[in-house]
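mind folding the following:
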Amino acid sequence: MERKTDAELFKGIPPRTWVALSADQSRVVGTGASYGEAVDAAAAAGENDPVLWITQPQDGIRISYFV
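Coordinates of the predicted model:
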């Protein structure tokens with residue numbers, strides 16, 4: 001299966017929201033206002049090795065965190 005684009009993955013997720021992706025980065029497994037909330041949501045969804053991102057603020061800067 002082809003990986004979705006960032007635009008497809010993050011569609012509808014508000015700016016400055018932490019997003020936990022599955023380990024293969026094919027789906028969103030959790031979101032939160034903080035890093036911890038996104039990690040907890042991912043764990044509740046059964047994903048113990050998520051890839052964490054924070055969506056871009058209005059000015060278009062994106063910070064990526066790989067854990």
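
what sits up against the lengthiest helix in the chain?
Taking DSSP state H as the criterion, the chain has its longest helix at helix 35-44. Helix 35-44 is contacted from outside by W18, V19, A20, V29, G30, T31, G32, N48, P50, L52, Y65, using C-beta atoms under 8 Å, 6 or more residues apart in numbering. Where you see a C-beta, it was placed from the backbone N, CA and C, and this is true even at glycine.

pretty sure the second one sits in a strand.
Yes: residue assignment for V19, taken from DSSP: H, G, I helix; E, B strand; the rest coil, places it within a strand.

got a list of what the residue lying closest to V51 once chain neighbours are set aside touches?
Distances taken as C-beta to C-beta, 6 or more residues apart in numbering put L21 closest to V51, at 4.5 Å, once the chain neighbours are dropped. Residues touching L21, when contacts are defined by C-beta under 8 Å, 6+ apart, comprise L9, R27, V28, V29, P50, V51, L52, W53.

farthest-separated two in those?
Of all pairs drawn from the contacts of L21, the widest gap by C-beta to C-beta lies between R27 and L52 and measures 14.0 Å.

neighbour count: those two, which is higher?
L52 (18 against 13; other C-beta atoms under 10 Å).

report the distance from the strand or helix carrying that one to the chain centre.
Counting by DSSP states H and E, the secondary-structure element that holds L52 is strand 51-54. Computed by C-alpha atoms, centre = their mean, to the nearest Å, the chain-centroid distance of strand 51-54 equals 4 Å.

ok, it: who's next to it in the sheet?
Taking DSSP bridges as the criterion, strand 51-54 forms sheet pairs with strand 18-21 (antiparallel), strand 63-64 (antiparallel).

which of those strands has the lowest mean pLDDT?
When these are ranked by mean pLDDT, strand 63-64 comes last with a mean of 60.

give me the residue ranges of this protein where confidence is low.
Judged by pLDDT under 70, the chain has its weakly predicted residues at 1, 59-67.
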